[in-house]
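*Asks:* based on what follows, work out the 3D shape:
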Amino acid sequence: MSEHKTDPNTSFNMPNLIGNALAVFAAGSQTTCTTLLWSLLSLADKVDTVQRKVQEEIDRVTEGRRAPAWSDRHDMPYTMATVWETQRWRTLSVMGIPRELLQKFTVLPEEGRTVDFNYDTEGFCMPRSQNLRFMPR
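*Replies:* Numbering: from 1, shown residues only. Below you'll find the model as predicted:
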């Protein structure tokens, strides 16, 4: 940063560095919080099946004497599958992770007509009458 201190066009400065570091930390915190929330909600919904099996597997591996560790993951396939399924089921990011289908699946008809219910024929075709709202600079 000291090299760019005298450059008036640089955005590489301490306030931006701190802001970016905080943004990365906040994004990671939110992702972790959301993952835990969905995991707990899905397990609470499946108390007698999934939750019981996960607890039994953890108790078997840890012998009920310690918390599970990352190194235990190979001995807890059901628990790991539950974690992965929760992350697949409730994607945490907008785009998520690209996935591939194993068989052909059609969302929209290949032939025929689709209807866009979000298209306003009255307002969309008259841009002067639209009340557009943008963030102020």
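*Asks:* burial of the residue lying closest to M80 once chain neighbours are set aside, as a residue count?
*Replies:* Spatial nearest neighbour of M80, excluding adjacent residues (Cβ to Cβ, 6 or more residues apart in numbering): R73 at 5.4 Å. Placement of C-beta: from N, CA and C, glycine included. Neighbour count for R73, taken as other Cβ atoms under 10 Å: 13.
*Asks:* what is the three-state secondary structure of R73?
*Replies:* Per DSSP: H, G, I helix; E, B strand; the rest coil, the secondary structure class of R73 is helix.
*Asks:* hmm, T82 and it touching each other?
*Replies:* No. Assessed by Cβ atoms under 8 Å, R73 is found out of contact with T82, at 11.8 Å.
*Asks:* would you mark the buried spots in the helix ranked longest in the chain?
*Replies:* In the chain, with assignment by DSSP state H, the single longest helix is helix 14-45. Residues of helix 14-45 classed as buried by neighbour count (16 or more other Cβ atoms under 10 Å): W38, S39, S42, L43.
*Asks:* other SSEs contacting it?
*Replies:* helix 77-89 (3 or more Cβ pairs under 8 Å, 6 or more residues apart in numbering; DSSP states H and E).
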